[in-house]
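K.L.:
generate a structure from the sequence data that follows.
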Amino acid sequence: MEKLTLSEVMQCLKDEFSTDKWSRQSVKDILESYDITHGDWRKYCKFDDHKYYRVVIDQGNDRYNLVILCWNCGQGTPVHDHPTAECMFKVCEGSVCETRYSFPQCGVKCNLEVSEECCLTEGEVGHINDSQGIHRMSNDSDTDTCVTLHCYFPPYKTVNTYDERTGDKTEYIVKCVTAEKSPCPE
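P.N.:
Here you go, the predicted model:
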């Protein structure tokens, strides 16, 4: 596949998810083909001093959406799952670290068990779904920001967060804005 601009990525994803015959490999290929050096993702970036920032840049359809996440130094997600969705993501700038955990045992209070840790750098593509466990993503840099492009399929509105010390689960409503800077639709 030739190198794509962000607009072309959006069109390719729209085409891919227009039928029930879409594939994970095609989504991965589309994200891998995205040429981040265009910098066309930068117009969606906003950094918040207190938490990472999410902006939906393509509402897609009921099968997917496309979201840019902007991470200041040291910012990260809580440990969470994707109970109704999968995610493929590409690092546009900086590096993002992912820590995966085994699902906590029901009724047992204990520290979450780390199953895998990895950091992805500019241009790399990652994938997560609940069959791989729950995870936390973070920008562990002390000096550099990070920007990641996420394709969620299907789109989701809630996740469960997990306390790293006890495994306790809490439902969390995902907050974001759209590219038009308005709240995401309910």
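K.L.:
confidence-wise, which helix or strand of the chain is lowest on average?
P.N.:
Every helix and strand of the chain was ranked by mean pLDDT, DSSP states H and E. The lowest is strand 177-178, at a mean of 72.
K.L.:
list the contacts of the nearest residue to residue 7 once chain neighbours are set aside.
P.N.:
What sits nearest to residue 7 in space, not counting adjacent residues and going by Cβ to Cβ, 6 or more residues apart in numbering, is residue 40, at 7.2 Å. C-beta here means a position set from N, CA and C on the backbone, and glycine is covered the same way. Neighbouring residues of residue 40 by Cβ atoms under 8 Å, 6 or more residues apart in numbering: 5-7.
K.L.:
if we can go back for a sec, other SSEs contacting the least confident helix or strand of the chain?
P.N.:
If you count contacts as 3 or more Cβ pairs under 8 Å, 6 or more residues apart in numbering; DSSP states H and E, strand 177-178 packs onto strand 53-61.
K.L.:
now for the helix or strand following the strand it packs on, which elements pack on it?
P.N.:
Sequence-wise, the next helix or strand downstream of strand 53-61 (DSSP states H and E) is strand 64-71. The elements that strand 64-71 packs onto, with contact taken as 3+ Cβ pairs under 8 Å, 6+ apart, are helix 6-16, strand 53-61, strand 146-153.
K.L.:
what bridges to the most centrally placed residue in the chain?
P.N.:
Closest to where the C-alpha atoms of the chain average out (Cα atoms, centre = their mean) is residue 150, at 4.2 Å. Beta bridges link residue 150 to residue 67, residue 89, judged by DSSP bridges.
K.L.:
that one reaches residue 66, doesn't it?
P.N.:
Yes: using Cβ atoms under 8 Å, residue 150 is in contact with residue 66, at 7.2 Å.
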